[in-house]
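Asks: The following comprises the amino acid sequence and a computationally predicted model.
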Amino acid sequence: MPQDVTFDLPFSTPVSPHLEYARERHLRWVRDRGLVRSDAGFEEYCSWDLPQAAARTYPYASAEDMTVLMNWFSLAFLFDDQFDAGRPDRADRVTEVARELIVTPLRPADTPPRVVCPITQAWAEVWAQLSRGMSLTWQTRFAASWGRFLTAHCEEVDLAAAGLEGTLTVKEYAQFRRRTVGIHHSIDAGERSRGFEVPAQVQAHPVMERMRDLAADVIGFMNDIHSFERERRRGDGHNLIAVLRRELGCSWEEAAAEAYRMTAACLVEYLELEARVPEMCDELGLSEDERRRTSMGVEAVQHWINGNYEWALVTGRYAADKDTPAAAAERAGRGSVDDLLSVN
């Protein structure tokens, strides 16, 4: 399944004009904070081009905020790669660090982490910046989504450590993937990137709740398709194509085709609900300002669907043919060249 599989998305999104300005500062920050510890790790990280992903998903952020968002992006991706299949005991350390990442937004900003490693220290710094100017309601919503994402990551690691990652049914996997993809809090960050907040009554409405879930499904399934070759190289069974092949007893090609069909179906349902947003606004009796903020919230979802898709087509993270130290580590069952869960 090649990385360049395309989807027919009905909307396009802009790219931040601050990409290069923020990229330079972000890459220096990653080095300074010890989030890459080797030349091989830095080369691999640069090949992912996460700055482009941030510039596409948060296109209206200021230059300084774009740097903060890039810094935040790095943490989730780098942490995701820290599990070592050859050391199942490492799952306990992953859980310990995840617990620290979860509680950070629940403490006063600038509180030093209790569990110390490069990722927890960097997250404490980034959260103080990311939460600035946002209401307690937004911070609580973000923290809840962030916590569910990290909890699901720990569940994924536990399954892998126990050799059970290939045991979920398609239905179970789809529900699980909705949490592991980490989209709900990423959409929330779209509000921070433009200095607004979606009205609480809109966030609680079934239409918006379902739209956010479907966006997570679309992005998670597209990600599984585009990253399939990398995950097969790593021996990672948490991928929709792998789950479908096992459950349906079909070929890889047939499983990939079914994954594509499922993704397209979720996108169709999302678009049907998006068309109902004006009706939802009328039902809730929203003011002009509330409607404007709701519209910006929908744009935040669109930016993530399309921006992540455009980045996934070109990022080196999902490249099928790689002959690098990082690829060698993946084939050996290690998620990353550098260990970021310990302190040197």
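Replies: Alright, I've got the coordinates.
Asks: Quick check: which ranges of the stretch 201-344 of the chain have low pLDDT?
Replies: Scanning the stretch 201-344 of the chain with the threshold set as pLDDT under 70 gives 322-337, 343-344.
Asks: In the chain, which residue sits furthest out from the middle?
Replies: Distance from the centre of the chain peaks at residue 285, with 33.2 Å (Cα atoms, centre = their mean).
Asks: who's in contact with it?
Replies: For residue 285, no residue meets the contact criterion (Cβ atoms under 8 Å, 6 or more residues apart in numbering). Placement of C-beta: from N, CA and C, glycine included.
Asks: Repeat that for residue 179.
Replies: Residue 179 is in contact with 148, 149, 151, 152, counting by Cβ under 8 Å, 6+ apart.
Asks: same check, this time on residue 195
Replies: Residue 195 neighbours (Cβ under 8 Å, 6+ apart): residue 133.
Asks: Next up, phi/psi of the most centrally placed residue in the chain, please.
Replies: Centroid-nearest residue in the chain, with Cα atoms, centre = their mean: residue 182, separated by 4.4 Å. For residue 182, the backbone dihedrals (degrees, to the nearest 10) come out as phi 70, psi 40.
Asks: Could you dump the contacts of residue 179 into CSV with distance to residue 82, neighbour count and secondary structure added?
Replies: Shown next, in CSV, are these (distance: Cβ to Cβ, whole Å; neighbours: other Cβ atoms under 10 Å; DSSP: H, G, I helix; E, B strand; the rest coil):
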residue, distance to residue 82, neighbour count, secondary structure
148, 19, 17, helix
149, 15, 23, helix
151, 16, 16, helix
152, 15, 19, helix
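Asks: quick one: which of those is nearest residue 23?
Replies: Top of the list for closeness to residue 23, among the contacts of residue 179 and by Cβ to Cβ, is residue 149 at 24.9 Å.
Asks: distance of the closest residue to that closest one other than its chain neighbours from residue 152?
Replies: The shortest distance from residue 149 to any non-neighbouring residue, by Cβ to Cβ, 6 or more residues apart in numbering, is to residue 182 (4.1 Å). The gap separating residue 182 from residue 152 is 8 Å, by Cβ to Cβ, to the nearest Å.
Asks: repeat for residue 60
Replies: In terms of Cβ to Cβ, residue 60 sits 29 Å off from residue 152.
Asks: now do residue 82
Replies: 15 Å.
Asks: for residue 275, same thing?
Replies: Using Cβ to Cβ, residue 275 is found at 30 Å from residue 152.
Asks: can you check residue 286 too?
Replies: With distances taken as Cβ to Cβ, residue 286 is found 33 Å from residue 152.
Asks: No further queries at this time; thank you.
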